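Participant: coords below, sequence missing:
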């Protein structure tokens, strides 16, 4: 390592030590993986030692190449959702084929189906409500115009 690289490494290690003094939780570590490129690997290692959820594992897989295989194995042990597998397929080229194979074998997630159904129901209700409100406004406008014509004709 040259002098600049050593200095950079010292700065990174100093930042990491300060960060650890804050007693970071899993969310803090996950944020470091997403946002702090120089600290990704250290944050990923620490998060893997804890109990990361599937979303955290997916981002370790995506952003920390050195921990990709270990994180992938852990994700597989935790029964990844279809959404987890789609995320890996989209963002991690080296695991795309494996993720797509598992996705093809997997039945649709009950939660995915329920969430999609709830979203669709909500969207339809909102559209119906918006149309009913538009019709009510149009009806009111027509009634107002009719009353205005009657008044106008009566005043003449």
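Facilitator: Nice, thanks for sending it over. A quick note: this is a predicted structure, and the numbers were derived from the prediction, not measured.
Participant: hey, let's count contacts and neighbours off CA atoms from now on
Facilitator: OK.
Participant: can you give me the domain assignment for this structure?
Facilitator: Per automatic domain parsing, the structural domains of the chain span 3-106, 108-156.
Participant: I'd like the distance from the last one to the chain centre, please.
Facilitator: Distance, stretch centre to chain centre, for domain 108-156: 32 Å (C-alpha atoms, centre = their mean, to the nearest Å).
Participant: likewise the first one?
Facilitator: In terms of C-alpha atoms, centre = their mean, the gap separating the centre of domain 3-106 from the centre of its chain is 15 Å.
Participant: what is the mean pLDDT for that domain?
Facilitator: The average pLDDT within domain 3-106 is 93.
Participant: how long is it end to end?
Facilitator: 52 Å (C-alpha to C-alpha, to the nearest Å).
Participant: try stretch 87-98
Facilitator: The first-to-last residue distance of stretch 87-98 comes to 12 Å (C-alpha to C-alpha).
Participant: buried sites along that stretch?
Facilitator: For stretch 87-98, the neighbour count (16 or more other C-alpha atoms under 10 Å) marks 87-89, 92, 95-96 as buried.
Participant: just give me the residue right at the centre of this structure.
Facilitator: residue 55 (8.3 Å; C-alpha atoms, centre = their mean).
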